[in-house]
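> Return atomic coordinates for the entry below.
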Amino acid sequence: MKYNNNSIRRQDRLLSEAEGITLLKEGEYGFLSMVSENNSGYGIPLSYAVEEDKIYFHCAPEGEKLRILQKNNQVSFCVVGHTQVISHQFTTAYQSVIARGTITVGLSDEEKMHALELILDKYSPDDKVVGLKYAEKSFPRTEILRMDIIEISGKCKRVIAKQKGNV
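So this is what the prediction gives:
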């Protein structure tokens, strides 16, 4: 994975490469962003699993997302980690990572099942045996998308909370 924070405007808010990759791998969900056929933005929240320089998503074998990706497979995927609103300081502590890349659809059955196993390992490790049976049963009505990561960047804002009234 190419980790590149050069384009981040606030260079004082960089998330280190190790922190960014950890957030990408361990985040609960993220937002896949695409450009629709009429050049408007389209973003959806998805669960996912990361392996090396690939991100796998599962979805239905038809729908708007797939129609968009047939026309333009360039995407970004954003994961937001822990946030904390600090109301009296009018700010929010946060961390986020954005991966840019391309989506591939129509993977081999072997790669699709491997991706489903990765997703089970992440979200249902204690129920993997039952999950694999479920994945096999639902396999014909499941599509897997693979995002090949071109570049990742990460940003954060670390805030030291001050006592209320001590602005």
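
> What are the contacting residues of the helix ranked longest in the chain?
When the chain is parsed with DSSP state H, its longest helix is helix 109-123. For helix 109-123, the external contacting residues (C-beta atoms under 8 Å, 6 or more residues apart in numbering) are 47-51, 56, 58, 107, 127-128, 131-132, 135-136, 139, 142, 144, 146. C-beta here means a position set from N, CA and C on the backbone, and glycine is covered the same way.

> What is the following helix or strand past that helix packed up against?
Next along the chain after helix 109-123, taking DSSP states H and E as the criterion, comes helix 128-138. In this structure, helix 128-138 makes packing contacts with helix 109-123, judged by 3 or more C-beta pairs under 8 Å, 6 or more residues apart in numbering; DSSP states H and E.

> in the helix it packs on, what's buried?
112-120, 122 (16 or more other C-beta atoms under 10 Å).

> And for stretch 140-153?
For stretch 140-153, burial by neighbour count (16+ other C-beta under 10 Å) applies to 142-147, 149, 151-153.

> taking the mean pLDDT, what do you get for it?
Over the span of stretch 140-153, the pLDDT mean works out to 94.

> coming back round to it: please spell out the PyMOL selection for the buried subset of the contacts of helix 109-123.
Written as a PyMOL command, the selection of buried residues from the contacts of helix 109-123, which uses 16+ other C-beta under 10 Å, is:
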select buried, resi 48+49+50+56+58+107+131+135+142+144+146
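
> Check the residue nearest the centre of the chain and give its pLDDT.
Most central in the chain under C-alpha atoms, centre = their mean is residue 30, positioned 3.9 Å from the mean C-alpha point. You'll see residue 30 listed with a pLDDT of 97.

> and the nearest residue to residue 162 once chain neighbours are set aside, how many neighbours?
Distances taken as C-beta to C-beta, 6 or more residues apart in numbering place residue 89 nearest to residue 162, at 6.4 Å, with adjacent residues excluded. Residue 89 is flanked by 15 other residues according to other C-beta atoms under 10 Å.

> what do you get for residue 101?
Neighbours around residue 101, by other C-beta under 10 Å: 21.

> residues near residue 35, how many?
Look at residue 35: counted by other C-beta under 10 Å, it has 14 neighbours.

> Check the gap between the residue nearest to it when sequence neighbours are not counted and residue 22 for me.
On the basis of C-beta to C-beta, 6+ apart, the spatially nearest residue to residue 35 that is not a chain neighbour turns out to be residue 72, at 5.5 Å. Separation of residue 72 from residue 22 (C-beta to C-beta, to the nearest Å): 30 Å.
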